[in-house]
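**Student:** only geometry, no sequence info:
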Ligand SMILES: N[C@@H](CCC(=O)N[C@@H](CS)C(=O)NCC(=O)O)C(=O)O
């Protein structure tokens, strides 16, 4: 399979970062699928005006790798957001509280809540007098799963900030394969609740194993495979010379690898990409240590 913008040259399959003028007000969106959820008479799509983003709230934990992915995506998309810390440790974890479970049934972070303002339908550029009444123009969306959140932002705002997925289907598949190597095959087996269960004594219902050894083994396994993919596809970043979803997934996984003393010397490509990514402000400012709920450095 080949793509118009040749898959053999991964650096050319997405346009350079588009310049953007400073915006202060609500953020306009474009896709027709986000048109007002109007249950009255069906209306031709051209009469609807895409909603704009009023407010974004991110429920996250400073050291959570999945939250970190979304913070990077929001920054790369130049989307301001309010950070609502969820303490995963204190008192058995705020993620396990009933109130939070209503937002995220998986009892995990991140959760992203987005207020969208719908606009009255227009006809020939003017408000449509036959359009549906707008009693409550704000729609609130609650989104879970870091990858679903990031892809939603990308689909909604493809031309804003950095494009996280290229157009070429093959390039997208390559990038998703590297992202999933982490998101599906590595992070879930070293997630807090999993390693807590591994380390818990058998007489308390756990597996009575060594949590750090477990995490080290599975992170090593995941990253060794990722290094092989990166050797094939990486340029300055994980896929050619443009930032993508794969880069967003890489950074927190390397951080976790260091927490569990993984030997990274056999992963020079991943380390080179990481160093390049750390130079980007949108990425650097998403670091756990810079989050409002991070423990204060003495
Ligand atoms: N697949 C989910 C995983 C979410 C997840 O595992 N989040 C972790 C932090 S990175 C969490 O909240 N863990 C809490 C726990 O294990 O109790 C995603 O990508 O959002």
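**Tutor:** Received the coordinates, thanks. Computed from a predicted structure; not experimentally measured.
**Student:** enumerate the residues of the protein near the ligand.
**Tutor:** With CB under 6 Å from any ligand atom as the criterion, the chain comes near the ligand at residues 64-66, 88, 93, 95, 108-110, 145-147, 183, 191-193. Quick note: C-beta positions are derived from backbone N, CA and C, even for glycine.
**Student:** give me the buried subset of these.
**Tutor:** Among the residues of the chain next to the ligand, those buried by neighbour count (16 or more other CB atoms under 10 Å) are 64-66, 88, 93, 95, 108-110, 145-147, 183, 191-192.
**Student:** looking at those residues, which is nearest residue 169?
**Tutor:** Nearest to residue 169 out of those is residue 147 (CB to CB; 17.6 Å).
**Student:** pLDDT score assigned to that closest one?
**Tutor:** Listed pLDDT for residue 147 reads 98.
**Student:** check contacts around the nearest residue to it once chain neighbours are set aside.
**Tutor:** Counting by CB to CB, 6 or more residues apart in numbering, residue 147 lies nearest to residue 183, which is 5.7 Å off, once chain neighbours are set aside. Residues near residue 183 by CB atoms under 8 Å, 6 or more residues apart in numbering: 146-147, 249.
**Student:** what's the answer for residue 176, then?
**Tutor:** If you count contacts by CB under 8 Å, 6+ apart, residue 176 has them with 165, 245-246.
**Student:** pull up the pairing partners for the lengthiest strand in the chain, direction included.
**Tutor:** Longest strand in the chain, counting residues (DSSP state E): strand 49-60. Strand 49-60 has these partner strands in its sheet, going by DSSP bridges: strand 27-28 (antiparallel), strand 82-85 (parallel), strand 111-119 (antiparallel).
**Student:** that older thread, taking the residues of the chain next to the ligand together, which two end up most distant?
**Tutor:** Every pair of the residues of the chain next to the ligand checked by CB to CB; the farthest is 93 and 147, at 22.1 Å.
**Student:** nearest to residue 289, of the strands paired with strand 49-60?
**Tutor:** Closest to residue 289 of the strands paired with strand 49-60, according to CB to CB: strand 82-85, at 13.9 Å.
**Student:** count of neighbours near residue 103?
**Tutor:** 18 (other CB atoms under 10 Å).
**Student:** for the residue lying closest to it once chain neighbours are set aside, give me its contacts.
**Tutor:** Spatially, and ignoring its direct neighbours in sequence, residue 103 is nearest to residue 111 (4.9 Å; CB to CB, 6+ apart). By CB under 8 Å, 6+ apart, the contact set of residue 111 is 58-59, 100, 103-104, 142-144.
**Student:** ok, what's across the strand from residue 111?
**Tutor:** Here residue 111, judged by DSSP bridges, has bridge partners residue 59, residue 144.
**Student:** now swap in residue 138 and tell me
**Tutor:** According to DSSP bridges, the residues that bridge with residue 138 are residue 117.
**Student:** how about the helices in the stretch 101-250 of the chain?
**Tutor:** With DSSP state H, counting those that start in this stretch as the criterion, the stretch 101-250 of the chain has helices at 146-156, 169-183, 192-199, 211-233, 245-259.
**Student:** most tightly packed of these?
**Tutor:** helix 245-259 (a mean of 22; mean count of other CB atoms under 10 Å).
**Student:** show me what that helix is packed up against.
**Tutor:** Helices and strands touching helix 245-259, as assessed by 3 or more CB pairs under 8 Å, 6 or more residues apart in numbering; DSSP states H and E, comprise helix 65-76, helix 146-156, helix 169-183, helix 211-233, helix 268-277.
**Student:** and the longest one, how far from the chain's centre?
**Tutor:** So that's helix 211-233. Offset of helix 211-233 from its chain centre (CA atoms, centre = their mean, to the nearest Å): 20 Å.
**Student:** picking that back up, including distance to residue 260, could the helices and strands packed on helix 245-259 go into TSV?
**Tutor:** As requested, those are exported to TSV (distance: least, CB to CB, whole Å):
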stretch	distance to residue 260
helix 65-76	12
helix 146-156	20
helix 169-183	14
helix 211-233	4
helix 268-277	15
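**Student:** which residues of the stretch 51-200 of the chain score low on pLDDT?
**Tutor:** Confidence mapping of the stretch 51-200 of the chain against pLDDT under 70 gives zero matching residues.
**Student:** wait, isn't residue 282 in contact with residue 75?
**Tutor:** Yes. Between residue 282 and residue 75 a contact is recorded at 3.7 Å, counting by CB atoms under 8 Å.
**Student:** ok now do the closest residue to residue 82 other than its chain neighbours, which residues does it touch?
**Tutor:** Closest residue to residue 82 apart from its sequence neighbours, by CB to CB, 6+ apart: residue 57 at 4.7 Å. By CB under 8 Å, 6+ apart, the contact list for residue 57 reads 81-82, 84, 112-114.
**Student:** many thanks, have a good one.
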